[in-house]
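Asker: Let's see this in three dimensions:
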Amino acid sequence: MEVSGTSTPACAGRPEHLNTSTLPSMRFLIQFIAIIVFAYILQLFLPWYYVAVASFVMGFLLKSKYNFLAGFLAIALLWFVMAWIIDSSATTDLTERVAAIFTLPKKGWLFLMTSIIGGLIGGFSALTGGLLKRKTKTFNN
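Answerer: The predicted structure is shown next:
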């Protein structure tokens, strides 16, 4: 936007808390949702480690600025919600017994540890997919 020969940024009149450059990009949100959906579908039919394939593919196809964060948060949220749903529909106290084996005070800590492990798998897979896309771009040029 140009005013009387001086150039001003397009967001100069906006308050700092509404500056869109500090918000996550739409590509990040699309990648986040796509990882959750694709990983959930794969987990219905395939073993648990196919969440890494889902994160890798979405990291490659939908590369964003925050690949690791998108993969970490998507898989961590997916596994936390799935563990909570499975536990709430169970008729036994299996999660409390498993938490006791790991000397965790409550079963919520078991959900947290499960989601962190899944998040690390998803985060590193999405990061690897994004880095491979960057490497193939430089290789093709």
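
Asker: so S55 sits right up against I35, yeah?
Answerer: Yes - using C-beta atoms under 8 Å, S55 is in contact with I35, at 5.5 Å. C-beta here means a position set from N, CA and C on the backbone, and glycine is covered the same way.

Asker: got the buried residues for the helix ranked longest in the chain?
Answerer: The longest helix of the chain (DSSP state H) is helix 107-140. With burial defined by 16 or more other C-beta atoms under 10 Å, the residues of helix 107-140 counted as buried are 107, 110-111, 114-115, 118-119, 121-130.

Asker: Now do the one helix or strand I41 maps to: distance to the chain's middle.
Answerer: Assigned by DSSP states H and E, I41 falls within helix 26-45. Centre-to-centre, helix 26-45 and its host chain are 8 Å apart (C-alpha atoms, centre = their mean, to the nearest Å).

Asker: Next, the angle from the helix or strand just after that helix to helix 107-140.
Answerer: Reading on from helix 26-45 to the C-terminus, the next helix or strand found by DSSP H and E is helix 50-61. Going by axes from the mean of the first three to the mean of the last three C-alpha atoms, to 10 degrees, helix 50-61 is angled at 40 degrees with respect to helix 107-140.
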